[in-house]
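*Asks:* requesting a structural model of the entry that follows:
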Amino acid sequence: MTRTLRRIGVLATALALPAVLVTPSASAAPVRFSLPAPTGPYAVGSTDLHLVNHSRQDPWVPGVTRELMVTVRYPALPSGKPKAPYMAPGVAKTVAEGDAVKLGIDADRLDYRFPTHSRIGAPALGGERPVVLYSPGGTLSRSHGTTQMEQLASEGYVVVAIDHTHEAEAVEFPDGRVAKKALPPSSIEVSQRMIATRVQDTRFVLDSLHLTRVGMFGHSAGGFTAGETMVEDRRVVAGANMDGSMAHSQSKRIFGRVADEGLDRPFLLMSAGNHSAASDASWQEFLRNQRGWTRETRLPDGEHFSFTDYQTLLPQLGNTPAAFIGTVDPARSVAAQRAWLSAFFGKNLRHRSSDTTSVSLSQAS
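*Replies:* This is a model prediction of the structure:
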């Protein structure tokens, strides 16, 4: 089911996730979730930034200034600082309620406040570090890619994760406000506006953090966003698309600019299940027009959400819903994704030390 939805277009995938049933366990107590520990040589620090674009109106809620939340993870010194929770309270509650409906379980079983491997405000290692941006899938939270982001940070990268306000199910701001999803009904025009908004968000983050040379990766619509941002902004020098269509409508062949024009910089395509360039017309168009380095990797036994933390979280419920994450062994899936991203950014970003950049870990103005 997820394959068909994604081939239709990015917005259909974002809004029409499959409903699957998880066999209830004997206990209705919350599951004690955990994520795989990062394997790099560095500890990981974390800080959240609240960015306000006073010159831009929110595209989804009239009369509201555009606000974003981002999480910066970075290589840190060992620290006794508290571990960052997976999600903020308001986000955890909203996401749990939505996931419970899809999974057919009680929302009380889904406690998304569990501790991650990142320490809040841990002292950062000195020196400049390569920077990578992360954009989540449609309607998902920036938290949903924590496994891969912590891994990259443990390897020496600064990783900046972006929430796309009023598209994500929920975004919580420092004053406790929770902005809920406010997308109009699905259409080609809404899909185009959604991706354009994401690109504007990404470029605002680049400006706010004074970044001049970065990599970028994302899941689903986030991978599409990475490509579209690269078309418009040469500060993004390498990108990776984790199982995302690059079409607003596959049937009408209404593709993004990244597919129609290609790129002159490296771009990695990562897919799962029966999705690949062989089945996705937007990927075929991209490969026809791509001028820079490119490669496809694939998890044959995975599924669309294998490229999120659901790959390891859902099996902890006691019964893995294959419609979300396939039948691939979670540890093998995570290891493969980590290897692909590490090799890609190592080749195209990290090893060009003269071009590395730094990011301030304080509140950006």
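*Asks:* switch to C-alpha atoms for all contacts and neighbour counts from now on
*Replies:* Noted.
*Asks:* output the longest strand belonging to the chain.
*Replies:* Counting residues, the longest strand found in the chain (DSSP state E) is strand 43-57.
*Asks:* tell me the buried residues in that strand?
*Replies:* For strand 43-57, the neighbour count (16 or more other CA atoms under 10 Å) marks 43-49, 51-53 as buried.
*Asks:* same check, this time on stretch 164-174
*Replies:* Within stretch 164-174, the residues that count as buried by 16+ other CA under 10 Å are 164-173.
*Asks:* so which two of these are the farthest from each other?
*Replies:* 167 and 173 (14.8 Å; CA to CA).
*Asks:* got a list of what residue 170 touches?
*Replies:* 90-91, 94-95, 141, 178-181 (CA atoms under 8 Å, 6 or more residues apart in numbering).
*Asks:* from the residues you listed, which is closest to residue 260?
*Replies:* Checking those against residue 260 by CA to CA gives residue 141 as the nearest, at 28.3 Å.
*Asks:* give me the pLDDT for the closest one.
*Replies:* Looking at residue 141, its pLDDT reads 98.
*Asks:* ditto for residue 20
*Replies:* What the model reports as pLDDT for residue 20 is 53.
*Asks:* any regions of this structure where pLDDT drops low?
*Replies:* Residue ranges of the chain with pLDDT under 70: 1-27, 352-365.
*Asks:* quick check, central residue of it?
*Replies:* residue 136 (2.6 Å; CA atoms, centre = their mean).
*Asks:* contact partners of the longest strand of the chain?
*Replies:* 63-78, 84, 117-124, 150, 153-154, 173-174, 204-205, 208, 361-365.
*Asks:* try stretch 240-253
*Replies:* Contact with stretch 240-253 is made by 6-11, 188, 191-192, 216-224, 226-227, 254-256, 258-259, 267-272, 275, 280-283, 304, 307, 341, as judged by CA under 8 Å, 6+ apart.
*Asks:* again, only this time at 7 Å
*Replies:* 6-10, 188, 191-192, 216-221, 223-224, 226, 254-256, 259, 267-272, 281-283, 304, 307 (CA atoms under 7 Å, 6 or more residues apart in numbering).
*Asks:* now do the helices in the protein.
*Replies:* 2-8, 10-15, 89-103, 146-154, 188-208, 221-232, 257-261, 281-289, 310-313, 322-325, 330-345 (DSSP state H).
*Asks:* ok, the residue lying closest to residue 162 once chain neighbours are set aside to residue 281 distance?
*Replies:* Nearest residue to residue 162, sequence neighbours excluded (CA to CA, 6 or more residues apart in numbering): residue 70, at 4.7 Å. With distances taken as CA to CA, to the nearest Å, residue 70 is found 32 Å from residue 281.
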